[in-house]
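> Got a predicted model here, sequence first, then my questions.
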Amino acid sequence: MTLEVHRMLDAIEQAADAMVLERQEYGRLAGEALTRLHTYGDDLDMLQEKAQVAADKLGGLWRGAVPLGEPIASAIDPPVPPAPIGTVVAADGSQIFPDRHGIANYALIHIGAIAIRPTSNEPPETLTFAELLYGDRLHDDESAETLQAADISRLRDKEELGRLVQVSIQMFPPVVALMDSPLLLFALSATGERELPDWFLGALNRALESDIRLAGYVDRPGSRGVADLLALATIPREQIGADKSAMRFFQEMPDRTVFRRILGPGQRSALFSSASPFNRLLARCGDQLQIGFFYLNVGSADNPVMARVEAPWWVLQDRLRREQLHAAVWEQCQAPGGYPYVLARAHEIAVVHMEQRRQLEDILAGAMLVRGLEPQQSAKSFLKSLTGG
């Protein structure tokens, strides 16, 4: 049977009504946030102190933003003339998850990368990296358990970041390297935030040693760290952690709701750090490795569009590197759609289309037949393929 949308009309209308109410509530909260932003935005010592109190009292439960030295109501123009950039590099990844109903138990991780010389007439350089996982490689080294979809996704993140840094090191400097995800990788939460994987620290250190302007780009960010910081502004120091309603004054309102009201086209916000336990673990490995961020209006005056750009401190705390990153992201977003061109191209290169998957499995089936193995999908998978499932 098909989805009987006509039976859902009442629910759809109710959902739209709820969206209107949410938008109105966020507008009201944004007005209060703007007031606090301008009232307390220059008092960085107070904000930093209260953020530290919240982090100490609540531990990893408070993950608000911490100012990094600029008034938090700042709206900073892109550099003019643009800061010089040698190469802009981007990488993205896709995957095929293991399927026990398929002809064979395997997984694929595919990374696409692109490098563009903004001031050169040279065509973009594109690269791909494919890794086929099978047999023992589909099992965790320590637990011997079969890798699940989340495990494959983490391996994709590992390869994506590693290949991005690898390609960037080979390019004409200075290099701005972008990935389409937060650098504060939430996929790493599976470690319980007790330790950081060697591969992640290794990639950050290689980028630092090679002076790469590494950054993660987040489209339509849902983070509310700055809103959580503004909630602290009016709470007495001794009541932080105790007054739960005041701590959650801005509810689920994302930061972009506020910054779209103060940032003009191409302008970035002040610099912030995240109070997440993940960042505190990075601090143990060196302050330069901690991750900070800013918001950037990649849209227009009539249609502001907020992006969040995350980068290590070695990029954000140096004026030239920071301006190069700011200029590169803004210039890349001039492509139609208001999204970095290099990231869109990297995705296009990385994605494995259904026809390509069929070709891979046809070749795999042939190799199996030569070895006396019968490539056969399960009855369930076969029937679903007939019905379009």
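All right, it came through fine.
> Tell me which stretches of the stretch 101-250 of the chain form helices.
Using DSSP state H, counting those that start in this stretch, the helices of the stretch 101-250 of the chain run over 149-169, 198-209, 225-232, 244-247.
> Let's have those helices in a markdown table, adding distance to residue 331, mean pLDDT and mean neighbour count.
To be clear about C-beta, it is placed using only N, CA and C from the backbone, and glycine gets the same treatment. Putting those into a markdown table (distance: least, C-beta to C-beta, whole Å; pLDDT from 0 to 100; neighbours: other C-beta atoms under 10 Å) gives the following:
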| stretch | distance to residue 331 | mean pLDDT | mean neighbour count |
| --- | --- | --- | --- |
| helix 149-169 | 17 | 94 | 20 |
| helix 198-209 | 21 | 94 | 17 |
| helix 225-232 | 25 | 96 | 25 |
| helix 244-247 | 39 | 87 | 12 |
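> Nearest to residue 25, out of these?
Of all the helices of the stretch 101-250 of the chain, helix 225-232 sits nearest to residue 25, with 13.0 Å by C-beta to C-beta.
> ok now the closest one, how far from the chain's centre?
For helix 225-232, the separation from the chain centroid amounts to 21 Å (computed by C-alpha atoms, centre = their mean, to the nearest Å).
> going forward can the numbers begin at 361, since that is how I track them
Happy to do that; since the first residue is 361 now, the last one works out to helix 585-592.
> hang on, the earlier thing: kindly reformat the helices of the stretch 461-610 of the chain as JSON lines containing distance to residue 679.
JSON lines is the format used below for the helices of the stretch 461-610 of the chain (distance: least, C-beta to C-beta, whole Å):
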{"stretch": "helix 509-529", "distance to residue 679": "21"}
{"stretch": "helix 558-569", "distance to residue 679": "17"}
{"stretch": "helix 585-592", "distance to residue 679": "22"}
{"stretch": "helix 604-607", "distance to residue 679": "35"}
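> just so I know, which of those lies nearest residue 651?
It's helix 558-569; of the helices of the stretch 461-610 of the chain, that one is closest to residue 651 (C-beta to C-beta) at 9.0 Å.
> Show me what that closest one is in contact with.
Residues from elsewhere that reach helix 558-569, judged by C-beta atoms under 8 Å, 6 or more residues apart in numbering: 518, 521-522, 525, 528-529, 537, 545, 548, 574, 642, 645, 648-649, 672, 674.
> can you pull the contacts of residue 448?
Per C-beta under 8 Å, 6+ apart, neighbours of residue 448: 475-476, 478, 535-538, 688, 692, 702.
> Tell me how far it lies from residue 486.
From residue 448 across to residue 486, the span is 13 Å (C-beta to C-beta, to the nearest Å).
> Please enumerate the shared neighbours of those two.
residue 475.
> I figured residue 651 hits residue 631, correct?
No: checked against C-beta atoms under 8 Å, the pair residue 651 and residue 631 is beyond contact range at 11.3 Å.
> Which secondary structure element is home to the residue nearest to residue 462 when sequence neighbours are not counted?
Nearest residue to residue 462 in three dimensions, chain neighbours excluded: residue 737, at 5.7 Å (C-beta to C-beta, 6 or more residues apart in numbering). When elements are assigned from DSSP states H and E, residue 737 belongs to no helix and no strand.
> how much space between residue 737 and residue 464?
Residue 737 is 9 Å from residue 464, where distance means C-beta to C-beta.
> Contacts for stretch 713-723 next, please.
456, 462-464, 468, 735.
> buried sites along it?
720-721 (16 or more other C-beta atoms under 10 Å).
> for stretch 480-493, same thing?
Those would be 487, 489, 493, for stretch 480-493 by 16+ other C-beta under 10 Å.
> Mind listing the residues bridging to the spatially closest residue to the second one that is not a sequence neighbour?
So the one you mean is residue 489. Nearest residue to residue 489, sequence neighbours excluded (C-beta to C-beta, 6+ apart): residue 471, at 4.3 Å. On the basis of DSSP bridges, residue 471 is bridged to residue 453, residue 489.
> hmm, back to that, quickly name whichever of the buried residues of stretch 480-493 is closest to residue 365.
residue 493 (39.2 Å).
> Report how many residues lie close to the nearest residue to the closest one once chain neighbours are set aside.
Distance criterion C-beta to C-beta, 6+ apart; nearest residue to residue 493, sequence neighbours excluded, is residue 467 at 4.2 Å. Residues lying near residue 467 (other C-beta atoms under 10 Å) number 21.
> The stretch 511-660 of the chain: strands as residue ranges?
535-539, 573-579, 632-634, 651-657 (DSSP state E, counting those that start in this stretch).
> ok, so what distance separates residue 708 from residue 615?
From residue 708 to residue 615 the distance is 29 Å (C-beta to C-beta).
> okay, these two: which has more neighbours?
Taking other C-beta under 10 Å, residue 708 and residue 615 do not tie; residue 615 has more neighbours (27 against 12).
> Per-residue pLDDT of that one, please?
Residue 615 is assigned a predicted lDDT (pLDDT) of 97.
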